[in-house]
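J.: 3D, please:
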Amino acid sequence: MFIRRQLLLVAGALAVAATVPHARAQEETVKIGLIVPMTGGQASTGRQIDNAIKLYMQQKGDTVAGKKIEIILRDDAAVPDNTKRMAQELIVNEKVNVIAGFGVTPAALAAAPLATQAKVPEIVMAAGTSIITERSPYIVRTSFTLAQSSTIIGDWAVKNGIKKVATLTSDYAPGNDALASFKEHFVAGGGEIVEEVKVPLANPDFAPFLQRMKDSKPDAMFVFVPAGQGGNFMKQYAERGLDKSGIKVIGPGDVMDDDLLNNMGDAALGAVTAHLYSAAHPSQINKEFVAAYKKAFNNRPGFMAVGGYDGIHLIYEALKKTGGDATGDKLIAAMKGMKWESPRGPISIDPETRDIVQNIYIRKVEKVDGELYNVEFATFEAVKDPGKTKK
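T.: Residues are numbered from 1 along each chain as shown. Okay, the predicted model is just below:
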């Protein structure tokens, strides 16, 4: 009975919140509730997104279309129950105009019904499962989907002499997306999966799984672990001697996140990944972005930083289009079809799916001026999410 009463109170509060979008739109401040993991295993994700938003606002100012932009940061530690509670508090109590961030898929999905009910845009800057944008008409994504990268690395592997692959993926929705997309393309091209391992998302110990990988004697390991866990994975990969065994690491680029790459040591050399962004991307806009980020935070930006940087840019540009009207429906309409040049390359928001369309690059870890970088050597342009294009 208590739980039922609490649910009714929540529903009532959200119903009230949903009835005042026009009142919110008239206020002089546009409030953005930023929900990201600042502690726990995904802390590097939250830190990158938060840093990138701060950098963007330093560069562009904190006023757009006559409205002051206020960021209200919440640390959900990538725990979906926290995310839901924080999204609810931000919408009902803080009266935010936008919720943003979402370091992992379960967090993004937990907030989706609240975004729908309150008609508040949910800008996903990190989480990468294909289904996310389908869960609410108010979700727009500026990060990526795992299928975008995993299909491309599957095709590349089979065309470049890799015949046998062992897979190691985190056991949650993005890991399953990455595995399914890779397998479909790799096996269709004639490749063979000789070992398939799923590891826990929280605090994984990779050591026993890595031994199974080594024993299966593959040509390469396809690896997906979320951003933040790549450093620990590569440490254990080297400790188990896999770097000396000739078993290459391939996969989507999360495991070789620029934020952590330079501390992985030479075991990472030669890893080939498909991904949306590298700090070594040779465009002028990226060189300026990397230099500014390094100066501000004494670290190299990774792909999560770019997701945050583009996410706040999307909000700014949408507000310009609406003349400062922060009503949810108007912001979402303004965001659909938007295109711009990002530090990662040209990107756009698909007007049908509200998902990101972007270049995917094949990269190899190399040493450049004494530091490790993902050096791009092939480009696949304007990639939509294959998980949606098949439907």
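J.: Let me see the mean pLDDT of the helix ranked longest in the chain.
T.: Scanning the chain for the helix with the most residues, using DSSP state H, yields helix 303-322. Confidence over helix 303-322 (mean pLDDT, whole number) is 98.
J.: quick check, distance from that helix to the centre of its chain.
T.: Counting by Cα atoms, centre = their mean, to the nearest Å, helix 303-322 is centred 14 Å from the centre of its parent chain.
J.: can you tell me which residues contact Val223?
T.: Val223 makes contact with Thr167, Leu168, Thr169, Phe233, Val249, Ile250, Gly251, Val255, according to Cβ atoms under 8 Å, 6 or more residues apart in numbering. To be clear about C-beta, it is placed using only N, CA and C from the backbone, and glycine gets the same treatment.
J.: Repeat that for Arg135.
T.: Contacts of Arg135 by Cβ under 8 Å, 6+ apart are Ala108, Leu109, Ala112, Pro113.
J.: Which of those residues are buried? Put it as a PyMOL command.
T.: Here is the PyMOL selection string for the buried members of these, based on 16 or more other Cβ atoms under 10 Å:
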select buried, resi 108+109+112
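J.: and the residue positioned nearest the centre of the chain, what pLDDT?
T.: Nearest to the mean C-alpha position of the chain, counting by Cα atoms, centre = their mean, stands Ala126 at 2.5 Å. We have a pLDDT of 97 for Ala126.
J.: Report whether it is found in a strand, as I expect.
T.: No. Under DSSP: H, G, I helix; E, B strand; the rest coil, Ala126 sits outside any strand and is assigned coil.
J.: low-confidence ranges in this protein?
T.: By pLDDT under 70, the low-scoring segments of the chain are 1-26, 389-391.
J.: all helices of it, in order?
T.: 2-18, 21-26, 43-60, 80-92, 105-118, 146-159, 173-188, 207-215, 230-239, 258-261, 284-297, 303-322, 328-335, 386-389.
J.: Tabulate those (JSON lines), appending distance to Leu73.
T.: Formatted as JSON lines, the helices of the chain follow (distance: least, Cβ to Cβ, whole Å):
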{"stretch": "helix 2-18", "distance to Leu73": "20"}
{"stretch": "helix 21-26", "distance to Leu73": "20"}
{"stretch": "helix 43-60", "distance to Leu73": "6"}
{"stretch": "helix 80-92", "distance to Leu73": "10"}
{"stretch": "helix 105-118", "distance to Leu73": "15"}
{"stretch": "helix 146-159", "distance to Leu73": "26"}
{"stretch": "helix 173-188", "distance to Leu73": "24"}
{"stretch": "helix 207-215", "distance to Leu73": "35"}
{"stretch": "helix 230-239", "distance to Leu73": "24"}
{"stretch": "helix 258-261", "distance to Leu73": "19"}
{"stretch": "helix 284-297", "distance to Leu73": "16"}
{"stretch": "helix 303-322", "distance to Leu73": "12"}
{"stretch": "helix 328-335", "distance to Leu73": "20"}
{"stretch": "helix 386-389", "distance to Leu73": "30"}
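J.: now for those helices, which one comes closest to Ala267?
T.: helix 230-239 (3.7 Å; Cβ to Cβ).
J.: For the closest one, buried residues please.
T.: Buried-residue list, helix 230-239, by 16+ other Cβ under 10 Å: Gly230, Gly231, Asn232, Phe233, Met234, Gln236, Tyr237, Ala238.
J.: tell me the angle of it relative to helix 207-215?
T.: 50 degrees (axes from the mean of the first three to the mean of the last three Cα atoms, to 10 degrees).
J.: what packs against helix 230-239?
T.: Contacts defined by 3 or more Cβ pairs under 8 Å, 6 or more residues apart in numbering; DSSP states H and E place helix 230-239 against helix 207-215, helix 258-261.
J.: Can you get me a residue count around Val197?
T.: By other Cβ atoms under 10 Å, the residues close to Val197 number 17.
J.: For it, which residues count as its bridge partners?
T.: Listed by DSSP bridges, the beta-bridge partners for Val197 are Leu168.
J.: got a list of what it touches?
T.: Counting by Cβ under 8 Å, 6+ apart, Val197 has contacts Ala166, Thr167, Leu168, Thr169, Phe209, Arg212, Met213.
J.: that older thread, can I get the buried residues of helix 230-239 in JSON lines with distance to Glu89?
T.: Listed next are these as JSON lines, based on distance: Cβ to Cβ, whole Å:
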{"residue": "Gly230", "distance to Glu89": "32"}
{"residue": "Gly231", "distance to Glu89": "33"}
{"residue": "Asn232", "distance to Glu89": "32"}
{"residue": "Phe233", "distance to Glu89": "34"}
{"residue": "Met234", "distance to Glu89": "38"}
{"residue": "Gln236", "distance to Glu89": "38"}
{"residue": "Tyr237", "distance to Glu89": "41"}
{"residue": "Ala238", "distance to Glu89": "43"}
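J.: what's the closest of those residues to Ala326?
T.: Using Cβ to Cβ, the buried residues of helix 230-239 come closest to Ala326 at Gly230, 36.8 Å.
J.: wouldn't that closest one be in contact with Pro252 here?
T.: No. Applying Cβ atoms under 8 Å, one finds Gly230 not in contact with Pro252, separated by 10.9 Å.
J.: Find residues that contact each of the two.
T.: With Cβ under 8 Å, 6+ apart, Gly230 and Pro252 have no common neighbours.
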